[in-house]
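A.B. asks: how does the following fold in three dimensions:
(one chain, ligands or ions: 1)
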Amino acid sequence: MNQVRVILVLLLLMAAIIATPQTTQSNHMLAFDGENAMDYLVQQCDFGPRPPGSDNLTQCKTYIASTLESFGWNVTFQEFTYLEVECSNIIATWPDAEQPSYILGAHYDTRPRADQDPEPANTMTPIIGANDGASGVAVLLELASGLPVDVRESVEIVLFDAEDSGLINGWNWIVGSTHYVNQLSPTRVSEIDAMILVDMVGDSELRLERETSSTRSLQDLIWSIADEMGHNDTFLDVSGRSILDDHRPFLDAGIPSVDIIQHNGFPWYWHTLEDTPDKCSAESLQTVGEVVETFLIDYANDNLTLPPNDDSLFYLSLLVVPVVVIGLVYLYLKRR
Ligand SMILES: [Zn+2]
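C.D. replies: Presented below is the predicted three-dimensional model:
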């Protein structure tokens, strides 16, 4: 029976090695500065409420684009019309970068109505969206300024329009990201290794549970990096809920994607007039920023390769089980 034990132990070891993501961190100095990110958050809010089609959003779009350009990025606008409203995604790539394999996303529009506001008189008024809108963009702007150049070449930053007007005047949610993914060719889809979305990451008491529609293997990598950095009080190893957000069209296209979002439940001021910068903190933006920065330094410049995604692990387990069973039967018969 000793041979059986040895084989079993070897197979278990194999399975453990396959299932454990590599989390070795590179020795890059981290550049992310939460105070800078907080400035970007406040500057977006200074334009006022920013619903799709508004002058405020157009001004904010110009501000985001010129900020990215000041860090050396090429910026283009992907324009489209939805229900007769002119919308525009903002796309930033590093000059001369070819087919960047990592997409960083956030939405830059804000909800046209404070429909969760407890004060009935406020529910038709548009929100400032400090946390719901500006916080994700702020993290991406600060990443754009500090990522090492070899990482920037592997990254495309996309700021989505028209995420947050769902159920108002016949609008859907996630309109900008849906348009973006619909425009991708099959070849381009196959070149993208991962999509990371940051949304509502600014709350001063940030709690990030695991969004359950996200790609688990990719989420494991990010959460284990956060754990190694001592941020397991923010990146909670707890299952949250499944959220309809800008990562969904990417998942539907077969692209591994993770939504980093405070969602279980939403902060008390969500979709109210109270979603203002005083609810957010530089520390929370710092935590999220440095975790994403470390992930990109480790993976986006090919220092480490991503583990196989959840599907291939499943098929591998289908292979391992029969091998174990056949091995055991063979040894049992041999002993008799
Ligand atoms: Zn929202």
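
A.B. asks: now do the strands in the stretch 1-150 of the chain.
C.D. replies: Counting by DSSP state E, counting those that start in this stretch, the stretch 1-150 of the chain forms strands over residues 74-82, 85-93, 102-107, given from the N-terminal end onward.

A.B. asks: got these as JSON lines, with distance to R335, mean pLDDT and mean neighbour count columns?
C.D. replies: Placement of C-beta: from N, CA and C, glycine included. Listed next are these as JSON lines, based on distance: least, CB to CB, whole Å; pLDDT from 0 to 100; neighbours: other CB atoms under 10 Å:
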{"stretch": "strand 74-82", "distance to R335": "67", "mean pLDDT": "98", "mean neighbour count": "14"}
{"stretch": "strand 85-93", "distance to R335": "63", "mean pLDDT": "98", "mean neighbour count": "21"}
{"stretch": "strand 102-107", "distance to R335": "53", "mean pLDDT": "98", "mean neighbour count": "25"}
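
A.B. asks: show me which residues of the stretch 1-150 of the chain sit near the ion.
C.D. replies: For the stretch 1-150 of the chain, the residues found near the ion under the criterion CB under 5 Å from the ion are D132.

A.B. asks: pLDDT weak spots in the stretch 1-150 of the chain?
C.D. replies: By pLDDT under 70, the low-scoring segments of the stretch 1-150 of the chain are 1-4, 6-28.

A.B. asks: which residues in it form helices?
C.D. replies: Secondary structure of the stretch 1-150 of the chain, counting by DSSP state H, counting those that start in this stretch: helices at 2-19, 34-45, 55-70, 135-146, 149-152.

A.B. asks: which of those helices sits most buried?
C.D. replies: helix 135-146 (a mean of 26; mean count of other CB atoms under 10 Å).

A.B. asks: where does the spatially most central residue of the chain land in three-state SS?
C.D. replies: Nearest to the mean C-alpha position of the chain, counting by CA atoms, centre = their mean, stands L197 at 2.1 Å. Secondary structure for L197, judged by DSSP: H, G, I helix; E, B strand; the rest coil, is strand.

A.B. asks: verify the stated contact: it with D245.
C.D. replies: Yes: here L197 reaches D245: they are 6.2 Å apart, a contact under CB atoms under 8 Å.

A.B. asks: who touches both of these two?
C.D. replies: With contacts taken as CB atoms under 8 Å, 6 or more residues apart in numbering, L197 and D245 have 259, 261 as neighbours in common.

A.B. asks: so how far is I103 from I297?
C.D. replies: With distances defined as CB to CB, to the nearest Å, the gap from I297 to I103 amounts to 17 Å.

A.B. asks: likewise I243?
C.D. replies: Here I243 is placed at a distance of 18 Å from I103 (CB to CB).

A.B. asks: before we move on, what about L251?
C.D. replies: 12 Å.

A.B. asks: quick check, the residue in the stretch 1-150 of the chain closest to the ion?
C.D. replies: Residue nearest to the ion within the stretch 1-150 of the chain: D132 (4.1 Å; CB to the ion).

A.B. asks: and for the residue lying closest to E153 once chain neighbours are set aside, the neighbour number?
C.D. replies: Counting by CB to CB, 6 or more residues apart in numbering, the nearest residue to E153 once its immediate chain neighbours are dropped is A97, at 4.4 Å. For A97, the neighbour count with other CB atoms under 10 Å is 16.

A.B. asks: contacting residues around A97?
C.D. replies: Neighbour list for A97: 152-156 [criterion: CB under 8 Å, 6+ apart].

A.B. asks: buried ones among those?
C.D. replies: 152-156 (16 or more other CB atoms under 10 Å).

A.B. asks: looking at those residues, which is nearest the ion?
C.D. replies: Taking CB to the ion as the measure, E156 is the one of the buried ones among the contacts of A97 closest to the ion, at 23.3 Å.

A.B. asks: I'd assumed P100 was in contact with the closest one.
C.D. replies: Yes: under the criterion of CB under 8 Å, E156 is in contact with P100, at a separation of 4.2 Å.

A.B. asks: anything in contact with each of these two?
C.D. replies: Listed as contacting both E156 and P100 by CB under 8 Å, 6+ apart are T93.

A.B. asks: tell me the average confidence for the host helix or strand of V329?
C.D. replies: Counting by DSSP states H and E, the element that carries V329 is helix 310-335. Averaged across helix 310-335, pLDDT comes to 72.

A.B. asks: list the residues that contact D132.
C.D. replies: Listed by CB under 8 Å, 6+ apart, the contact set of D132 reads 110-111, 164, 199-200, 270-271, 275.
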